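> for reference, the sequence and a predicted model appear below.
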Amino acid sequence: MVNITRKSNTLRKAIASAILSVSKQETIDAVVQRKVPKGDVFEFARAAGLFGVKKTSDVIPDCHPLPIEFTSITFEINGLDIIISVEVHTIYKTGVEVEAMHGASVTALTMYDMLKPIDKGIEIKNIKLLEKSGGKSDLKHKKFPELKAAVVVCSDSVFDSKAEDYSGKLAISRLEQLGIATLKYEIVPDDIKAIQNVAKELCNSEHQLVIFTGGTGLSPRDVTPEAILPLIERKIDGIMETARRYGQERMPYAMLSRGIAGFIGETLVITLPGSKNGVAESMDALFPQVLHLFSVNKGQKH
(Lines give C-alpha, C1' and ligand atoms only; values in the text may rest on other atoms or scores of the structure.)
Protein backbone atom coordinates (compact mmCIF):
# COMPACT_ATOMS: atom_id res chain seq x y z
CA MET A 1 0.00 0.00 0.00
CA VAL A 2 1.14 3.55 -0.70
CA ASN A 3 2.60 5.34 2.33
CA ILE A 4 0.19 8.16 3.26
CA THR A 5 1.70 9.03 6.65
CA ARG A 6 3.04 12.33 5.30
CA LYS A 7 -0.44 13.48 4.28
CA SER A 8 -2.78 15.60 6.38
CA ASN A 9 -6.42 14.93 7.16
CA THR A 10 -8.63 17.12 4.98
CA LEU A 11 -12.19 17.02 3.73
CA ARG A 12 -12.33 14.72 0.70
CA LYS A 13 -15.33 14.28 -1.60
CA ALA A 14 -16.05 12.12 -4.61
CA ILE A 15 -19.05 11.54 -6.86
CA ALA A 16 -19.31 8.46 -9.08
CA SER A 17 -22.04 7.13 -11.31
CA ALA A 18 -23.17 3.96 -13.04
CA ILE A 19 -25.94 3.26 -15.53
CA LEU A 20 -28.24 0.26 -15.44
CA SER A 21 -30.00 -0.18 -18.78
CA VAL A 22 -33.09 -2.40 -19.00
CA SER A 23 -34.63 -3.73 -22.17
CA LYS A 24 -38.30 -2.83 -21.71
CA GLN A 25 -40.54 -0.25 -20.15
CA GLU A 26 -42.31 -2.92 -18.07
CA THR A 27 -39.12 -3.34 -16.03
CA ILE A 28 -38.96 0.38 -15.26
CA ASP A 29 -42.63 0.33 -14.28
CA ALA A 30 -42.10 -2.60 -11.93
CA VAL A 31 -39.17 -0.84 -10.24
CA VAL A 32 -41.05 2.45 -9.82
CA GLN A 33 -44.24 0.75 -8.63
CA ARG A 34 -42.31 -1.50 -6.20
CA LYS A 35 -43.69 -4.63 -7.88
CA VAL A 36 -40.43 -6.52 -8.47
CA PRO A 37 -40.83 -10.03 -6.95
CA LYS A 38 -37.55 -9.83 -5.04
CA GLY A 39 -38.53 -6.62 -3.28
CA ASP A 40 -38.00 -2.86 -3.38
CA VAL A 41 -35.14 -2.50 -5.83
CA PHE A 42 -34.19 1.04 -4.90
CA GLU A 43 -34.01 0.39 -1.16
CA PHE A 44 -32.20 -2.96 -1.41
CA ALA A 45 -29.72 -1.52 -3.91
CA ARG A 46 -29.15 1.58 -1.78
CA ALA A 47 -28.42 -0.56 1.28
CA ALA A 48 -26.04 -2.76 -0.74
CA GLY A 49 -24.31 0.33 -2.12
CA LEU A 50 -23.74 1.66 1.40
CA PHE A 51 -22.12 -1.65 2.35
CA GLY A 52 -20.07 -1.48 -0.83
CA VAL A 53 -18.72 1.97 0.03
CA LYS A 54 -17.80 0.93 3.57
CA LYS A 55 -16.25 -2.40 2.57
CA THR A 56 -14.13 -1.10 -0.33
CA SER A 57 -10.79 -1.72 1.39
CA ASP A 58 -11.82 -5.33 2.10
CA VAL A 59 -11.97 -6.19 -1.61
CA ILE A 60 -9.56 -3.72 -3.25
CA PRO A 61 -6.11 -4.77 -1.91
CA ASP A 62 -4.27 -1.44 -2.18
CA CYS A 63 -7.19 0.65 -0.94
CA HIS A 64 -6.64 2.16 2.52
CA PRO A 65 -9.28 1.59 5.21
CA LEU A 66 -10.80 4.97 6.05
CA PRO A 67 -13.72 6.47 7.96
CA ILE A 68 -16.78 7.15 5.82
CA GLU A 69 -18.40 10.33 7.10
CA PHE A 70 -21.22 10.65 4.56
CA THR A 71 -22.70 8.67 1.68
CA SER A 72 -25.61 9.54 -0.60
CA ILE A 73 -27.00 7.14 -3.20
CA THR A 74 -29.62 8.49 -5.59
CA PHE A 75 -31.41 7.20 -8.68
CA GLU A 76 -32.63 8.96 -11.80
CA ILE A 77 -34.68 7.33 -14.56
CA ASN A 78 -34.03 8.42 -18.12
CA GLY A 79 -35.97 6.32 -20.61
CA LEU A 80 -34.79 2.74 -20.10
CA ASP A 81 -31.70 3.84 -18.14
CA ILE A 82 -31.47 4.06 -14.36
CA ILE A 83 -28.65 6.45 -13.51
CA ILE A 84 -27.04 5.69 -10.15
CA SER A 85 -25.17 8.50 -8.39
CA VAL A 86 -22.99 7.90 -5.32
CA GLU A 87 -21.45 10.75 -3.32
CA VAL A 88 -18.97 10.00 -0.53
CA HIS A 89 -17.27 12.33 1.99
CA THR A 90 -14.52 11.74 4.53
CA ILE A 91 -12.02 13.71 6.54
CA TYR A 92 -8.86 11.70 6.06
CA LYS A 93 -5.44 11.51 4.42
CA THR A 94 -6.56 10.00 1.14
CA GLY A 95 -9.48 10.37 -1.23
CA VAL A 96 -12.71 8.41 -1.61
CA GLU A 97 -13.06 8.12 -5.39
CA VAL A 98 -12.60 4.32 -5.34
CA GLU A 99 -15.17 4.04 -2.55
CA ALA A 100 -17.66 6.04 -4.62
CA MET A 101 -17.09 3.93 -7.74
CA HIS A 102 -17.24 0.70 -5.76
CA GLY A 103 -20.51 1.83 -4.21
CA ALA A 104 -21.93 2.62 -7.64
CA SER A 105 -20.89 -0.77 -9.02
CA VAL A 106 -22.32 -2.74 -6.07
CA THR A 107 -25.56 -0.76 -6.30
CA ALA A 108 -25.81 -1.57 -10.00
CA LEU A 109 -25.01 -5.27 -9.46
CA THR A 110 -27.66 -5.53 -6.78
CA MET A 111 -30.24 -4.03 -9.12
CA TYR A 112 -29.12 -6.43 -11.86
CA ASP A 113 -29.54 -9.40 -9.53
CA MET A 114 -33.02 -8.32 -8.46
CA LEU A 115 -34.24 -7.58 -11.98
CA LYS A 116 -32.76 -10.48 -14.00
CA PRO A 117 -35.77 -12.78 -13.35
CA ILE A 118 -38.06 -10.33 -15.15
CA ASP A 119 -35.64 -8.89 -17.76
CA LYS A 120 -32.88 -10.83 -19.53
CA GLY A 121 -31.58 -7.84 -21.44
CA ILE A 122 -30.12 -5.75 -18.59
CA GLU A 123 -26.73 -4.05 -19.00
CA ILE A 124 -24.46 -2.28 -16.54
CA LYS A 125 -22.32 0.40 -18.14
CA ASN A 126 -20.36 3.60 -17.67
CA ILE A 127 -19.17 3.16 -14.11
CA LYS A 128 -17.05 6.27 -13.73
CA LEU A 129 -15.81 9.03 -11.45
CA LEU A 130 -17.60 12.30 -12.07
CA GLU A 131 -15.68 14.55 -9.71
CA LYS A 132 -13.39 14.58 -6.70
CA SER A 133 -12.03 17.26 -4.41
CA GLY A 134 -9.95 17.70 -1.30
CA GLY A 135 -6.36 17.25 -0.22
CA LYS A 136 -3.32 18.59 -1.98
CA SER A 137 -4.41 17.11 -5.30
CA ASP A 138 -6.47 20.27 -5.85
CA LEU A 139 -3.17 22.19 -5.83
CA LYS A 140 -0.90 19.40 -7.05
CA HIS A 141 0.11 21.03 -10.30
CA LYS A 142 -0.18 24.63 -9.16
CA LYS A 143 3.01 26.68 -9.34
CA PHE A 144 3.75 30.04 -7.77
CA PRO A 145 6.43 31.65 -9.96
CA GLU A 146 5.21 35.11 -8.99
CA LEU A 147 6.53 34.52 -5.45
CA LYS A 148 10.18 35.00 -4.58
CA ALA A 149 11.79 33.71 -1.40
CA ALA A 150 14.80 33.93 0.86
CA VAL A 151 16.03 31.20 3.19
CA VAL A 152 18.04 31.91 6.32
CA VAL A 153 19.78 29.23 8.38
CA CYS A 154 20.24 30.15 12.05
CA SER A 155 23.02 27.98 13.45
CA ASP A 156 26.30 28.67 15.27
CA SER A 157 27.85 25.43 14.05
CA VAL A 158 26.90 25.92 10.40
CA PHE A 159 27.99 29.59 10.55
CA ASP A 160 31.38 28.51 11.95
CA SER A 161 31.70 25.78 9.27
CA LYS A 162 31.66 23.05 11.92
CA ALA A 163 28.52 21.45 10.48
CA GLU A 164 26.81 21.26 7.11
CA ASP A 165 23.42 22.79 6.42
CA TYR A 166 20.72 20.35 5.41
CA SER A 167 17.55 22.09 6.58
CA GLY A 168 17.96 25.28 4.59
CA LYS A 169 18.86 23.42 1.41
CA LEU A 170 15.81 21.20 1.84
CA ALA A 171 13.59 24.26 2.20
CA ILE A 172 15.04 25.68 -1.02
CA SER A 173 14.42 22.38 -2.81
CA ARG A 174 10.80 22.21 -1.61
CA LEU A 175 10.15 25.79 -2.72
CA GLU A 176 11.65 25.03 -6.12
CA GLN A 177 9.11 22.21 -6.55
CA LEU A 178 6.40 24.86 -6.15
CA GLY A 179 7.98 27.10 -8.77
CA ILE A 180 9.27 29.54 -6.13
CA ALA A 181 12.78 30.84 -6.73
CA THR A 182 15.01 31.44 -3.69
CA LEU A 183 16.84 34.66 -4.38
CA LYS A 184 18.89 34.76 -1.16
CA TYR A 185 20.40 32.00 0.98
CA GLU A 186 22.00 33.24 4.18
CA ILE A 187 23.64 31.60 7.19
CA VAL A 188 23.76 33.53 10.47
CA PRO A 189 24.79 32.62 14.03
CA ASP A 190 22.29 32.07 16.82
CA ASP A 191 22.37 35.72 17.79
CA ILE A 192 19.32 37.97 18.17
CA LYS A 193 20.94 41.01 16.58
CA ALA A 194 22.31 39.05 13.61
CA ILE A 195 18.95 37.39 12.98
CA GLN A 196 17.09 40.69 13.23
CA ASN A 197 19.52 42.42 10.87
CA VAL A 198 19.09 39.80 8.15
CA ALA A 199 15.32 39.80 8.63
CA LYS A 200 15.15 43.56 8.16
CA GLU A 201 17.35 43.29 5.10
CA LEU A 202 15.32 40.55 3.42
CA CYS A 203 11.75 41.60 4.27
CA ASN A 204 11.21 43.90 1.33
CA SER A 205 9.34 44.00 -1.96
CA GLU A 206 11.89 41.65 -3.52
CA HIS A 207 10.91 38.74 -1.25
CA GLN A 208 7.32 37.70 -0.59
CA LEU A 209 8.44 34.80 1.63
CA VAL A 210 11.33 34.43 4.06
CA ILE A 211 11.93 31.08 5.77
CA PHE A 212 14.20 30.80 8.81
CA THR A 213 15.42 27.36 9.89
CA GLY A 214 16.91 26.64 13.30
CA GLY A 215 16.84 28.23 16.72
CA THR A 216 13.20 27.44 17.52
CA GLY A 217 13.86 24.93 20.30
CA LEU A 218 14.55 25.34 24.00
CA SER A 219 18.33 25.34 24.29
CA PRO A 220 19.99 28.54 25.60
CA ARG A 221 21.18 29.47 22.08
CA ASP A 222 17.75 28.98 20.46
CA VAL A 223 16.74 32.62 20.03
CA THR A 224 15.08 32.82 16.60
CA PRO A 225 11.55 33.43 18.00
CA GLU A 226 12.87 36.14 20.34
CA ALA A 227 14.58 37.82 17.39
CA ILE A 228 11.68 37.65 14.95
CA LEU A 229 8.66 38.25 17.20
CA PRO A 230 9.34 41.98 17.85
CA LEU A 231 9.55 42.55 14.08
CA ILE A 232 6.29 40.84 13.17
CA GLU A 233 3.44 43.26 12.47
CA ARG A 234 0.71 40.66 11.92
CA LYS A 235 1.19 37.35 13.68
CA ILE A 236 -0.51 34.28 12.20
CA ASP A 237 -0.68 31.75 15.04
CA GLY A 238 -2.50 29.12 13.00
CA ILE A 239 0.46 28.49 10.70
CA MET A 240 2.80 27.06 13.31
CA GLU A 241 -0.06 25.56 15.31
CA THR A 242 -0.78 23.47 12.21
CA ALA A 243 2.87 22.50 11.82
CA ARG A 244 3.21 21.51 15.48
CA ARG A 245 0.02 19.45 15.42
CA TYR A 246 1.18 17.66 12.26
CA GLY A 247 4.61 17.01 13.79
CA GLN A 248 3.23 15.83 17.12
CA GLU A 249 1.28 13.09 15.34
CA ARG A 250 4.59 11.78 13.99
CA MET A 251 7.07 12.32 16.83
CA PRO A 252 6.65 13.13 20.55
CA TYR A 253 8.69 16.33 20.78
CA ALA A 254 7.17 18.57 18.11
CA MET A 255 5.18 20.37 20.83
CA LEU A 256 8.47 21.81 22.11
CA SER A 257 9.07 23.80 18.93
CA ARG A 258 8.56 27.53 19.45
CA GLY A 259 8.33 28.53 15.80
CA ILE A 260 6.28 31.60 14.89
CA ALA A 261 4.96 33.08 11.65
CA GLY A 262 3.52 36.34 10.41
CA PHE A 263 3.98 39.35 8.19
CA ILE A 264 6.82 41.80 8.37
CA GLY A 265 5.55 44.45 6.01
CA GLU A 266 4.28 42.52 2.99
CA THR A 267 6.68 39.60 3.51
CA LEU A 268 5.54 36.37 5.13
CA VAL A 269 8.11 35.10 7.63
CA ILE A 270 8.03 31.48 8.82
CA THR A 271 10.46 30.09 11.39
CA LEU A 272 11.02 26.33 11.08
CA PRO A 273 13.03 23.83 13.14
CA GLY A 274 16.70 23.30 12.43
CA SER A 275 16.54 19.58 11.71
CA LYS A 276 16.03 18.25 8.19
CA ASN A 277 13.09 16.12 9.32
CA GLY A 278 11.57 19.08 11.16
CA VAL A 279 11.68 21.20 8.02
CA ALA A 280 10.32 18.36 5.88
CA GLU A 281 7.37 17.73 8.18
CA SER A 282 6.60 21.42 8.63
CA MET A 283 6.60 22.04 4.90
CA ASP A 284 4.47 18.93 4.34
CA ALA A 285 1.97 20.38 6.80
CA LEU A 286 1.93 23.93 5.44
CA PHE A 287 2.66 23.96 1.72
CA PRO A 288 1.24 24.74 -0.74
CA GLN A 289 -1.99 25.70 1.03
CA VAL A 290 -0.36 28.40 3.18
CA LEU A 291 0.45 30.31 -0.01
CA HIS A 292 -3.26 31.07 -0.40
CA LEU A 293 -2.77 33.86 2.12
CA PHE A 294 -0.99 35.99 -0.47
CA SER A 295 -4.28 36.23 -2.39
CA VAL A 296 -6.15 37.00 0.82
CA ASN A 297 -3.57 39.61 1.76
CA LYS A 298 -4.32 41.39 -1.51
CA GLY A 299 -8.00 41.60 -0.58
CA GLN A 300 -9.24 38.60 -2.54
CA LYS A 301 -11.87 36.37 -0.93
CA HIS A 302 -11.25 32.82 0.34
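Arrived safely. Numbers count the residues shown, from 1 in each chain.

> quick one: list the elements packing against the helix or strand hosting Ser17.
Assigned by DSSP states H and E, Ser17 belongs to strand 10-21. Under the contact criterion of 3 or more C-beta pairs under 8 Å, 6 or more residues apart in numbering; DSSP states H and E, strand 10-21 touches strand 81-92, helix 97-115, strand 123-133. For every residue, glycine as well, the C-beta is placed using N, CA and C.

> quick one: contacts for Met240?
Neighbour list for Met240: Ser257, Gly259, Ile260, Ala261, Ile270, Thr271 [criterion: C-beta atoms under 8 Å, 6 or more residues apart in numbering].

> next one: it from Gln289, what distance?
Distance of Met240 to Gln289, given as C-beta to C-beta, to the nearest Å: 14 Å.

> same question for Ser275.
Look at Ser275 and Gln289: by C-beta to C-beta, they are 23 Å apart.

> do the same with Ile19
As judged by C-beta to C-beta, Ile19 and Gln289 stand 36 Å apart.

> for Ser105, same thing?
Distance check for Ser105 against Gln289: by C-beta to C-beta, it reads 33 Å.

> so between these two, which is more surrounded?
Shown here are Ser105 and Gln289; by other C-beta atoms under 10 Å, Ser105 has more neighbours (18 against 15).

> so that one is in contact with Leu129, correct?
No. The pair Ser105 and Leu129 fails to qualify as a contact (C-beta atoms under 8 Å) at a distance of 11.7 Å.

> the stretch 201-302 of the chain: strands as residue ranges?
Secondary structure of the stretch 201-302 of the chain (DSSP state E, counting those that start in this stretch): strands located at 209-213, 234-235, 261-264, 267-272.

> can I get those in a markdown table including mean neighbour count, mean pLDDT and distance to Glu186?
What follows is those, written out as a markdown table (neighbours: other C-beta atoms under 10 Å; pLDDT from 0 to 100; distance: least, C-beta to C-beta, whole Å):
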| stretch | mean neighbour count | mean pLDDT | distance to Glu186 |
| --- | --- | --- | --- |
| strand 209-213 | 27 | 98 | 9 |
| strand 234-235 | 12 | 96 | 23 |
| strand 261-264 | 20 | 97 | 15 |
| strand 267-272 | 26 | 98 | 13 |
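
> can you tell which of these is closest to Arg34?
Among these, strand 261-264 comes nearest to Arg34, with 59.4 Å by C-beta to C-beta.

> and the closest one, what does it pack onto?
With contacts taken as 3+ C-beta pairs under 8 Å, 6+ apart, strand 261-264 sits against strand 234-235, helix 237-248, strand 267-272.

> which outside residues touch it?
Counting by C-beta under 8 Å, 6+ apart, 199, 203, 210, 231-236, 239-240, 268-271, 297 sit against strand 261-264.

> give me that answer again for 7 Å
199, 203, 231-236, 239-240, 269-271 (C-beta atoms under 7 Å, 6 or more residues apart in numbering).
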